[in-house]
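A.B. asks: Have a look at this fold, sequence not included:
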């Protein structure tokens with residue numbers, strides 16, 4: 001039961017990450033491989049505020065999310081100075097820099113050893129116990145995140161984002177600032193990534209730079225692409241599949257002594273087959289490049 005709750009909690013955290021990244025990728029057309037960096041900023045900020053400043057969990061969580069949002073604005077500003085063809089490389093470089101800071105700024109982040117003994121989430125005197133309690137909290141936040149992103153996607157702001165994604169000149173013609181609109185979308189996306197990070201920090205009780213690497217950012221982007229670009233439900237589904245499938249292979253004992261390698265081969269093969277069969281993703285409305 002504890003293992004199942006652990007997996008369910010991880011699916012919820014990654015659903016927040018994929019849904020929030022899906023908003024930037026699917027609606028604004030911002031292909032970002034640095035989303036795990038904002039995830040890490042939220043996790044470290046929440047942990048440091050709770051441990052160093054003894055901040056209440058809700059305050060630390062919201063502050064960590066806000067700091068991640070500011071970092072998203074910084075990346076958006078940097079990205080606006082380069083061409084679209086350099087966007088992925090720019091976000092990749094940003095992710096490498098952030099991972100380097102997490103690894104080497106030992107006096108703040110604990111370096112490669114990370115930060116242990118992070119307190120459990122609590123609301124005043126109400127403690128959120130590990131297991132069912134933390135899974136419930138994570139999924140409440142997942143539902144709220146999905147609802148907010150779905151509402152924004154259907155709003156006039158979401159329609160402007162899609163207009164700019166399809167044709168920047170058209171966006172300018174209707175009096176919208178491309179940079180400001182995309183920056184707002186990136187700030188919103190990064191805020192929820194920071195929220196996922198804060199939840200992960202209290203859920204796991206320990207964080208280190210390996211959980212927020214470039215490969216983690218690519219994994220989250222894969223969830224968005226496989227679930228379906230432009231679909232909030234698809235992004236959540238992608239998270240469930242990419243977290244649940246490896247754990248499912250583990251449960252049924254695939255691979256014997258070479259289980260880990262065989263699971264990775266099967267996992268990668270399923271992704272390739274899906275991309276050939278359905279380039280738009282399972283529930284996607286268009287391909288990553290924007291074609292319908």
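C.D. replies: The structure has been received and is ready for your questions. Keep in mind that what you see is a predicted model, and the values were worked out from it rather than measured. Residues are numbered from 1 along each chain as shown.

A.B. asks: Please make it C-alpha for all contacts and neighbour counts, starting now.
C.D. replies: Will do.

A.B. asks: which residues does residue 193 contact?
C.D. replies: For residue 193, the contacting residues are 16, 17, 20, 21, 35, 36, 38, 39, 42, 65, 68, by C-alpha atoms under 8 Å, 6 or more residues apart in numbering.

A.B. asks: Can you tell me the element it falls in?
C.D. replies: Per DSSP states H and E: residue 193 is located in helix 178-204.

A.B. asks: Tell me which residues of that helix come out buried.
C.D. replies: 178-179, 181-204 (16 or more other C-alpha atoms under 10 Å).

A.B. asks: So which elements touch the next helix-or-strand element following it?
C.D. replies: Going down the chain from helix 178-204, the next helix or strand is helix 214-227, by DSSP H and E. Here helix 214-227 touches helix 2-22, helix 35-52, helix 87-104, helix 232-251, helix 259-277, going by 3 or more C-alpha pairs under 8 Å, 6 or more residues apart in numbering; DSSP states H and E.

A.B. asks: quick one, which of those helices is nearest to residue 161?
C.D. replies: Between residue 161 and the helices and strands packed on helix 214-227, the tightest spacing by C-alpha to C-alpha is seen for helix 2-22, at 12.6 Å.

A.B. asks: Show me what the closest one is packed up against.
C.D. replies: If contacts are counted by 3+ C-alpha pairs under 8 Å, 6+ apart, helix 2-22 sits against helix 35-52, helix 132-154, helix 178-204, helix 214-227, helix 232-251.

A.B. asks: which residues are contacting that helix?
C.D. replies: Residues outside helix 2-22 that contact it (C-alpha under 8 Å, 6+ apart) are 32, 35, 39, 131-132, 134-135, 138-139, 141-142, 145-146, 149, 188-190, 192-193, 196, 199-200, 220-221, 223-224, 229-233, 235-240, 243-244, 247.

A.B. asks: That helix versus helix 232-251: what angle between them?
C.D. replies: 150 degrees (axes from the mean of the first three to the mean of the last three C-alpha atoms, to 10 degrees).

A.B. asks: So, low pLDDT: which residues of this protein?
C.D. replies: 83-85, 249-264, 266-267, 285-292 (pLDDT under 70).

A.B. asks: let's see 50
C.D. replies: 291-292 (pLDDT under 50).

A.B. asks: ok so, going back, residue 79: which of the helices and strands packed on helix 2-22 is closest?
C.D. replies: Nearest of the helices and strands packed on helix 2-22 to residue 79, taken as C-alpha to C-alpha: helix 178-204 at 9.4 Å.

A.B. asks: Measure how the closest one sits relative to helix 2-22, angle-wise.
C.D. replies: 170 degrees.

A.B. asks: Quick one: distance of helix 178-204 to the chain centre.
C.D. replies: Computed by C-alpha atoms, centre = their mean, to the nearest Å, the chain-centroid distance of helix 178-204 equals 8 Å.

A.B. asks: now swap in stretch 45-59 and tell me
C.D. replies: The answer for stretch 45-59 is 21 Å, by C-alpha atoms, centre = their mean.

A.B. asks: Then stretch 5-20?
C.D. replies: With C-alpha atoms, centre = their mean, you get 9 Å for stretch 5-20.
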